[in-house]
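Visitor: Sequence first, predicted model second:
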Amino acid sequence: MSGVSLPPDAPAIRLCHVVKWDQSEGYGFNLHTEKSKPGQYLGKIDQGSPAEATQLKEGDRIVEVNGVNIANENHKQVVERIKAVPGETKLLVVDPLADNWYKEHKMIIKSNLPSVVQYKTPPLKKLSRMEPRLCHLVKRPDFDGYGFNLNADKVRNTQYVGSVDKNSPAEEAGLEVNDTIIEVNGINVEGLSHKEIVEKIKAVPHETKLMVVGEATARRENGRPHKTARARPSSTSAECSLRLCHLRKWANYEGYGFNLCADNKREGHFVGQVDPNSPAQLGGLQRNDRVVQVNGANVEKDSHKQITERICQNKDSVHLLVVDPDTDEHLAREDIPIASANVVHKYTPEESPSQGCPQASFTDMEGMF
């Protein structure tokens, strides 16, 4: 360790040991530069790749490659360093919020800081789909429906996923073709008719939670009820539920379109109302999300007033790290700390989808943004 003392809210730095799988052509990420700032950054991360499994995120800045700081190296040199060790590479990375935090605190990012969290690519296991998975599907304004259809298996008297549309809410939540539906919104639906299950899915207007198992598990356990009490959210679903929402205001919209509230039954502050087609909704914020960080600072122990002041600190933008109730409960039960390493980045579009149309205005009550 470096001996450097860091405050409790210091965001995570990730040391990702990425190892290629036998059948994979590469690591599953690309490298790019940005004109507005120096350095080398991760571009698109391929779904289901070694890079994704090792917690690399789109937008991460690469600090070190295989233990060497690459701040003064060009694109070609960095690529050569990554390729220097066949089949594996070690990348020290930070997400944009963590990067800004260390710059603001005038601290040099190194692999020996106490805030470094290490990850290594897990072995590729085909058994990962054998466990029940909780998929939380949330409709988007830019997509019609959830993006999947439901078919009946008359032999096993079950309902299964027939198809999943690309880039749909269903795909984002981790739903896969041939998944068998066990529960809908916490209610066991095994043995129910197609019509009954469809009605339960539609009962909640804009979201639904599906407990599913993969095809192999469903066939193996044919005729036996599933034990779902200890089922975990799928990794894809969990990652999508830990969101770093980069919200920005629009010129023709007053505020972000959400309010903040406290819950007497739970500690912390939570997202209350989220207005349709607002910067908040299109930036990935959801009702009942718990606010963990504001602009990189942990706010779990802050008062309502302190959090409100942090949100209003920057006039036109705010970065909120949030977690939905199911994932929050899962992480607490498994004693997994919430760190910036586990988030998916969501961004408010630069312009309102209804640019030029009048938008709703809000009162200046405290907690409304």
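Guide: Received it, and whenever you're ready, just let me know what you need.

Visitor: Show me how the record splits the protein into domains.
Guide: By the record's domain assignment, the chain is partitioned as 13-120, 127-228, 237-347 (automatic domain parsing).

Visitor: now the first one: how far from the chain's centre is it?
Guide: In other words, domain 13-120. Domain 13-120 sits 18 Å away from the centroid of its parent chain (Cα atoms, centre = their mean, to the nearest Å).

Visitor: Between the two ends of it, how far is it?
Guide: According to Cα to Cα, to the nearest Å, domain 13-120 extends 14 Å from its N-terminal end residue to its C-terminal end residue.

Visitor: again, but for stretch 63-81
Guide: In terms of Cα to Cα, the two terminal residues of stretch 63-81 are separated by 12 Å.

Visitor: Could you do stretch 281-292 as well?
Guide: Stretch 281-292 stretches 18 Å from its first residue to its last (Cα to Cα).

Visitor: show me where pLDDT drops low in the stretch 51-200 of the chain?
Guide: Under the criterion of pLDDT under 70, the regions of the stretch 51-200 of the chain flagged as low confidence span 124-131, 154-156.

Visitor: for it, what spans make up the helices?
Guide: When secondary structure is read from DSSP state H, counting those that start in this stretch, the stretch 51-200 of the chain shows helices at 75-84, 96-104, 169-172, 194-202.

Visitor: so what does the first one touch, helix or strand wise?
Guide: Packed against helix 75-84 by the contact rule (3 or more Cβ pairs under 8 Å, 6 or more residues apart in numbering; DSSP states H and E) you find strand 29-34, strand 61-65, strand 88-94. The C-beta positions use only the backbone N, C-alpha and C, and glycine is treated the same way.

Visitor: quick one, which of the ones you listed is nearest to Asn151?
Guide: Proximity to Asn151, assessed across those by Cβ to Cβ, is greatest for strand 29-34 (35.0 Å).

Visitor: can you put the helices and strands packed on helix 75-84 in JSON lines and add distance to Tyr347 and mean neighbour count?
Guide: Conversion of the helices and strands packed on helix 75-84 to JSON lines gives the following (distance: least, Cβ to Cβ, whole Å; neighbours: other Cβ atoms under 10 Å):
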{"stretch": "strand 29-34", "distance to Tyr347": "15", "mean neighbour count": "14"}
{"stretch": "strand 61-65", "distance to Tyr347": "17", "mean neighbour count": "22"}
{"stretch": "strand 88-94", "distance to Tyr347": "18", "mean neighbour count": "22"}
